[in-house]
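Visitor: generate coordinates for the sequence data below:
(chains A, B, C and D)
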Protein chains: 2
Amino acid sequence: MERADQDNQTTRERLLMTAGEVFSELGFHHATIREICGRAGSNVAAVNYHFGDKERLYAAVLEYADQCTNEEHPIDVDFGAGLAPEQRLHELVRRLLGRIFGAGRTGWYARLMARELVDPSEALAPVVERSYRPQLQQLVAIVQDLMGDETSEEEARVCAFSVVGQCVFFHLARTIVGRLDPQLRFGPEDIDRLADHIARFSIAATKNVKREGYVS
Amino acid sequence: MERADQDNQTTRERLLMTAGEVFSELGFHHATIREICGRAGSNVAAVNYHFGDKERLYAAVLEYADQCTNEEHPIDVDFGAGLAPEQRLHELVRRLLGRIFGAGRTGWYARLMARELVDPSEALAPVVERSYRPQLQQLVAIVQDLMGDETSEEEARVCAFSVVGQCVFFHLARTIVGRLDPQLRFGPEDIDRLADHIARFSIAATKNVKREGYVS
DNA sequence: ACGCGCTTTATACTAGTGTTTGAAACGGAG
DNA sequence: CTCCGTTTCAAACACTAGTATAAAGCGCGT
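Guide: Below is the predicted model:
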């Protein structure tokens, strides 16, 4: 019997990574323990031993991926201190897309998050609080700057969601979007261009939205 | 043995409606034939008889829901002929949100579509061509008007996706969005306000985006 | 009443899934 | 070498899910 600790990776870590891939491809319910363990080169009982059951494996995967992503793309709450709000928004959009489209170790994380958005699991709540709320607050502050004085936090927040919504949409619907517009690409070289578009669109929107009255 | 055709609905139709609900709640793989048939008040073999298998039931559900939605919210390719482009965009966003958040007979359709966006099935392609491409074309035309002359179709199209992305995002991520901003509501009374916001944000964006240069 | 096509039903079958369990294997310390 | 805690393994188990099938039931026309 060969000890399965090749590549200096523990079985536990291999399971986390592999499960992440499988869960992101197939979703929680279509993914099977046998598929995950087969790909990870481990025995099916390893899930029970290391995680207890499938649900806890899933929760551990979410936590693990979020941590890896935060290591690779740290959330810098004070970035761009000397920059104009336009530049800050642009940089923030680029960072956001970098996280979403990132091809790092846990490049499957965004795929998994897309599934979570549509059908949130219990494991998502702490992740949202830790990683997503701070980024949203950051964006809200930038949007407030762009919108000018007398802008309520609520106004800025709903605009911030409009910005986030674009980033998220282009990623999660990229198959359909690509079908509807074959000229739109989502490779690594295309992300800066997409960030450019979203930033410009959003800057133009936030700077001018208050001038657009209610249209009936 | 009681004939199960109460409410003048055929078993087939009841299965379609019920399956739509169950698939939208649970997704294809977590939904079971027994759950669907249990709720529909029919025997599990009815799926085999009327549809052949689970996948064909799913495909039939998608088609059925799309047709119902198109009946309830017809795609009017020429609406707003005499209106200003701002008004047309506003109306189009309202209609789009009406489809997405609609509480009609197939109110579960948008939920199902959210799942399809993230993980498209084979059954989606014809639906996209029939129902989504015409609407996108319509939106692109309006966006071109707003952006002014010398606007390429590609420029307008990517902006159109930015508009669509907001509508889609607010719906599919409403659980998370609601958690991050409890003041944002998504009840029937809130949809007009949301349409208002998205329209204004998008109008401001499209009218001004060309003035926002590349920001590095 | 009978025949016929359609629809529904009860039931069986098979494959697959998550989980458990006891034993073997492993590695490190004394 | 032995002991001990940790890890891995093979195999079993109970249950579920999709699917198929033959027979019964139904409604309509002759």
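Visitor: all helices of chain A, in order?
Guide: Under the criterion DSSP state H, helices of chain A are mapped to A:11-30, A:33-40, A:45-51, A:54-72, A:85-101, A:109-118, A:124-127, A:133-147, A:153-172, A:174-180, A:191-208.
Visitor: give me the mean pLDDT for the fifth one.
Guide: Spelled out, that is helix A:85-101. Mean per-residue pLDDT for helix A:85-101: 93.
Visitor: who's in contact with that helix?
Guide: A:69, A:73, A:79-80, A:83, A:110, A:135, A:138-139, A:142-143, A:145-146, A:163-164, A:167-168, A:171, A:186, A:188, A:191-192, A:194-196, A:198-199, A:202-203, A:206, B:212, B:215-216 (Cβ atoms under 8 Å, 6 or more residues apart in numbering or on different chains). Backbone N, C-alpha and C define where each C-beta goes, glycine included.
Visitor: chain neighbours aside, what residue packs nearest to residue A:173?
Guide: Nearest residue to residue A:173 in three dimensions, chain neighbours excluded: residue B:117, at 4.7 Å (Cβ to Cβ, 6 or more residues apart in numbering or on different chains).
Visitor: the one you found contacts residue A:174, correct?
Guide: No. Residue B:117 lies out of contact with residue A:174 (Cβ atoms under 8 Å); the separation is 9.4 Å.
Visitor: show me which of those two is the more surrounded one.
Guide: The neighbour count for residue B:117 versus residue A:174, taken as other Cβ atoms under 10 Å in any protein chain shown, is higher for residue B:117 (20 against 16).
Visitor: contacting residues for that one?
Guide: Applying Cβ under 8 Å, 6+ apart to residue B:117 gives the contacts A:118, A:172-173, A:176, B:168, B:172.
Visitor: which two of the residues you listed lie the greatest distance from each other?
Guide: Taking Cβ to Cβ, the two most distant members of the contacts of residue B:117 are A:118 and A:176; they sit 13.9 Å apart.
Visitor: comparing the two, which residue is more hemmed in?
Guide: Set residue A:118 next to residue A:176 and count neighbours by other Cβ under 10 Å: residue A:118 wins out with 23 against 19.
Visitor: do you know how far the closest residue to that one other than its chain neighbours is from residue A:162?
Guide: Nearest non-adjacent residue to residue A:118, counting by Cβ to Cβ, 6+ apart: residue B:114, 4.7 Å away. Between residue B:114 and residue A:162 the computed distance is 18 Å (Cβ to Cβ, to the nearest Å).
Visitor: equivalent analysis for residue A:44, please.
Guide: Relative to residue A:162, and taking Cβ to Cβ, residue A:44 is found at 45 Å.
Visitor: more neighbours: which of the two?
Guide: Between residue A:44 and residue A:162, residue A:162 has the larger neighbour count (other Cβ under 10 Å), namely 27 against 12.
Visitor: domains of chain A?
Guide: Taking automatic domain parsing as the reference, chain A has its domains at A:8-66, A:75-210.
Visitor: follow-up on the earlier one: can you list the contacts of residue B:117 in a markdown table and add distance to residue B:48 and pLDDT?
Guide: As requested, these are exported to a markdown table (distance: Cβ to Cβ, whole Å; pLDDT from 0 to 100):
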| residue | distance to residue B:48 | pLDDT |
| --- | --- | --- |
| A:118 | 29 | 94 |
| A:172 | 34 | 92 |
| A:173 | 33 | 93 |
| A:176 | 31 | 93 |
| B:168 | 35 | 96 |
| B:172 | 32 | 92 |
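Visitor: and the residues you listed, which is closest to DNA strand D?
Guide: residue A:118 (19.6 Å; Cβ to the nearest atom of the strand).
Visitor: and residue A:151, how close does it get to residue A:159?
Guide: From residue A:151 over to residue A:159 (counting by Cβ to Cβ), the distance is 9 Å.
Visitor: find residues that contact each of the two.
Guide: residue A:143.
Visitor: higher neighbour count, the two?
Guide: Applying other Cβ under 10 Å to residue A:151 and residue A:159 shows that residue A:159 carries more neighbours, namely 25 against 18.
Visitor: ok, now which ones touch the more buried one?
Guide: A:143, A:147, A:205-206, A:209, B:197, B:201.
Visitor: repeat for residue A:172
Guide: A:110, A:114, A:117, B:117-118.
Visitor: dump those to TSV, plus distance to DNA strand D.
Guide: Listed next are those as TSV, based on distance: Cβ to the nearest atom of the strand, whole Å:
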residue	distance to DNA strand D
A:110	28
A:114	23
A:117	24
B:117	22
B:118	20
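Visitor: re the thing from before, can you add distance to residue B:16 and give the helices of chain A back as JSON lines?
Guide: Shown next, in JSON lines, are the helices of chain A (distance: least, Cβ to Cβ, whole Å):
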{"stretch": "helix A:11-30", "distance to residue B:16": "22"}
{"stretch": "helix A:33-40", "distance to residue B:16": "31"}
{"stretch": "helix A:45-51", "distance to residue B:16": "37"}
{"stretch": "helix A:54-72", "distance to residue B:16": "31"}
{"stretch": "helix A:85-101", "distance to residue B:16": "36"}
{"stretch": "helix A:109-118", "distance to residue B:16": "22"}
{"stretch": "helix A:124-127", "distance to residue B:16": "31"}
{"stretch": "helix A:133-147", "distance to residue B:16": "39"}
{"stretch": "helix A:153-172", "distance to residue B:16": "27"}
{"stretch": "helix A:174-180", "distance to residue B:16": "23"}
{"stretch": "helix A:191-208", "distance to residue B:16": "38"}
